[in-house]
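Predicted coordinates and the sequence they were generated for:
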Amino acid sequence: MKTIVLTLFMLPLLLCSEKNNIKSHTNALESPVILELFTSQGCSSCPPADKLLNEVKGKNVIALSYHVDYWNYIGWKDPFSKEKYSNKQRRYASKFNSSSIYTPQIVVNGKEHFVGSKASVLKQNIEKYSKVTSEQRISIKNVTKSENHIDFNYDITGDISSKNIRIVLVIDERKTSVKRGENRNKELVNSNIVVNEQIFKLDNKSGKGSIEIPEIVNSNEKLSLVMIIENNDLDILTAIQKAV
């Protein structure tokens, strides 16, 4: 099993610590649910999961689609696929004591997984993890976008010891005409597509960050930054998403 190697710059996340007496209408700020879908344009079972993930995203649900590369051998190379996303999925498999990886797979807050097209299971997990609170909070400011990178400043409150920060760059939506593979002759609509990700150890509560905009991104596409705080066991503690 390969080991995931991820390099990153620093980026922020938003998080709020939730107290027992907080009113329900503020819950979206306190405990975002992070859904990570492992998918591929070469997988015939994936389009329903892609569609479902996009339907449930919202102010309290952050959706991320990681396109893996191990379906490319069938004949269609997914333009968004990367080996490091397949390795990321293998790290989760190791955490969950699983001997195999599969698509479509959804991982919720880094803590459990299930088949990504199962709507009832997804709903149950969103309800469950919406009740989880966090002591960390991140604010992002002075976000600037240039031709090939995004810069920002961040501040974090709460304990950051033994924590990592993950910065993710996401394309909102892209249509692709698939010519070969299991989805040949279909036009697929992919959403929440991860096109860059950086991870680093969190050492400071404030600072500056930057992430590269890869060439695959078109100038007219909607982008967003997702910033995630996680521990060394890959448990996600909090996150924030910001359009750029």
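Cool, the structure landed. Residues are numbered from 1 along each chain as shown.

What residues sit buried inside the longest helix anywhere in the chain?
The residue-count maximum for a helix in the chain (DSSP state H) belongs to helix 83-95. For helix 83-95, the neighbour count (16 or more other C-beta atoms under 10 Å) marks 84-93 as buried. Just so you know, the C-beta spots here come from the backbone N, C-alpha and C atoms, and that holds for glycine as well.

swap in stretch 194-207?
194-200, 202.

what residue ranges in the protein score low on pLDDT?
1-30 (pLDDT under 70).

what about the helices in it?
Taking DSSP H as the test, the helices found in the chain are 27-30, 46-56, 83-95, 119-129.

can you put the ones you listed in CSV and add distance to Leu237?
Output for the helices of the chain, formatted as CSV (distance: least, C-beta to C-beta, whole Å):
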stretch, distance to Leu237
helix 27-30, 12
helix 46-56, 21
helix 83-95, 15
helix 119-129, 12
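
Nearest to Ser177 among those would be which one?
helix 46-56 (13.6 Å; C-beta to C-beta).

So which other helices or strands are in contact with the closest one?
If you count contacts as 3 or more C-beta pairs under 8 Å, 6 or more residues apart in numbering; DSSP states H and E, helix 46-56 packs onto strand 33-39, strand 61-67, helix 119-129, strand 186-201.

now the first one and helix 83-95, what's the angle there?
Here the directions of strand 33-39 and helix 83-95 differ by 110 degrees (axes from the mean of the first three to the mean of the last three C-alpha atoms, to 10 degrees).

Strand 33-39 pairs with which strands?
Using DSSP bridges, the strands paired with strand 33-39 are strand 61-67 (parallel), strand 105-108 (antiparallel).

now those strands in TSV, with mean neighbour count and distance to Lys208?
Shown next, in TSV, are the strands paired with strand 33-39 (neighbours: other C-beta atoms under 10 Å; distance: least, C-beta to C-beta, whole Å):
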stretch	mean neighbour count	distance to Lys208
strand 61-67	24	23
strand 105-108	23	30
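
Quick one: closest of those strands to Lys186.
With C-beta to C-beta as the yardstick, what comes closest out of the strands paired with strand 33-39 is strand 61-67 (15.8 Å).
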